[in-house]
Structures are given as C-alpha cells and as structure tokens.
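K.L.:
starting from these lines, generate the structure:
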Amino acid sequence: MKWIVTFTFFSVLCFALVGCNQEETIKASKEIQTEKPQTVHLENKPFSVEVRQSEGYKITKEVVKSNEIETVVEIIENAKWEENIKVEMALPPEYRFSLGSINYAIWVTPNKERLEIIAEGQAKYIKLPIKDSEILYKIITGKEL
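P.N.:
Residues are numbered from 1 along each chain as shown. Here you go, the predicted model:
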C-alpha cells in the first residue's frame with residue numbers, strides 16, 4: 001500500500017513538473033516570435049553639413065538633391081556598425097550632419113582614404129569602406145577624398 005501511495009505521489013509530481021516546464025517553453029517561444037529587430041529608418045529630407053573651423057562649426061553645404069540624400073541614407077543604413085562601443089577621438093569631428101533625430105560626427109582617417117563615423121548618443125561607430133567613403137565625402141563636401 002505504501003508503495004502505491006509513493007508511486008502515485010511521484011507520478012503526480014512528475015506530471016506537474018513536466019506541465020510547468022512546457023508552459024514556460026511555450027511562453028518563451030511566443031516572446032521570441034514577437035521580438036523584432038529595432039531598425040532605424042532615416043528620413044529622406046534635406047540636411048546641412050557643418051565643417052569644423054577654428055572658431056567652431058560652420059554650415060558649408062546644404063544637401064538638397066533627392067538622389068544625394070537617398071545615397072547618404074543608403075550608406076548610413078547599410079553600414080555594418082559596431083554597436084555598444086565608446087569611441088574617443090583625439091580631435092572633434094571634421095564634419096557633422098543630422099538625419100532625422102540622429103547626429104553623425106565624421107572624421108577623415110590620417111591616410112585620407114576613409115571616413116570614420118559616430119552616431120552620437122547611440123554608441124555606434126563605423127570606419128566606412130573606401131568606396132562608400134569616397135561617395136559620402138563627395139556628397140557632403142563637393143570635393144574628392
């Protein structure tokens with residue numbers, strides 16, 4: 001008789017544990033399905049480019065052509081950003097501009113063939129590939145890199 005009570009108690013305990021375990025697994029899979037990556041879509045609106053000068057920053061160019069704006073947005077959105085990174089540069093950015101609510105700070109590398117960009121306030125950094133650097137530099141300055 002003792003054996004039947006022990007077996008019954010053990011069986012009920014096993015079913016309860018398995019049932020609880022399955023319920024948590026189902027909840028976790030629903031949470032995973034509802035999570036979506038947070039992507040920021042930038043606005044295709046004209047923007048101003050500021051250049052660093054001895055007395056501060058001065059607006060040097062207004063980017064208003066839709067094809068140039070789309071190119072800049074495409075470069076920024078498709079870049080492989082390093083995230084959750086804190087970068088400290090020796091000098092303030094050489095160029096600055098804003099797309100939507102995000103401010104971008106830009107430095108030209110010492111060998112003058114690539115651009116380094118920080119998305120301010122987002123802990124994001126990238127050193128653009130040479131081709132993208134040349135295109136972006138031409139758009140924001142009107143000059144060749």
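K.L.:
so what strands line up beside the helix or strand where Lys61 lies?
P.N.:
Assessed by DSSP states H and E, Lys61 sits inside strand 56-63. Sheet pairing of strand 56-63 (DSSP bridges) gives strand 47-53 (antiparallel).
K.L.:
how far off centre is the strand holding Lys61?
P.N.:
For strand 56-63, the separation from the chain centroid amounts to 25 Å (computed by C-alpha atoms, centre = their mean, to the nearest Å).
K.L.:
now it - C-alpha only, CSV.
P.N.:
Output of strand 56-63 as CSV, limited to C-alpha atoms (Å, rounded to 0.1, in the frame of the first residue of the first chain):
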residue,chain,number,x,y,z
GLY,A,56,33.6,76.3,-34.1
TYR,A,57,31.4,74.8,-36.8
LYS,A,58,30.1,76.5,-39.9
ILE,A,59,27.4,75.3,-42.3
THR,A,60,29.2,74.8,-45.6
LYS,A,61,26.7,72.8,-47.7
GLU,A,62,23.1,72.0,-47.9
VAL,A,63,22.4,68.6,-49.3
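K.L.:
could you identify the helix or strand that succeeds it?
P.N.:
helix 66-78.
K.L.:
state the next helix or strand along the chain beyond that next one.
P.N.:
Assigned by DSSP H and E, the successor of helix 66-78 is strand 82-83.
K.L.:
now what about that following strand, what contacts it?
P.N.:
Outside strand 82-83, the residues within contact range by C-beta atoms under 8 Å, 6 or more residues apart in numbering are Gln122, Ala123, Lys124, Tyr125, Ile126. To be clear about C-beta, it is placed using only N, CA and C from the backbone, and glycine gets the same treatment.
K.L.:
follow-up on the earlier one: buried ones in the strand holding Lys61?
P.N.:
Lys61, Val63 (16 or more other C-beta atoms under 10 Å).
K.L.:
tell me which residues are up against that strand.
P.N.:
By C-beta under 8 Å, 6+ apart, the list of residues contacting strand 56-63 reads 46-51, 69, 72, 96-97, 139-142.
K.L.:
report the rounded mean pLDDT for that strand.
P.N.:
The pLDDT scores in strand 56-63 average 95.
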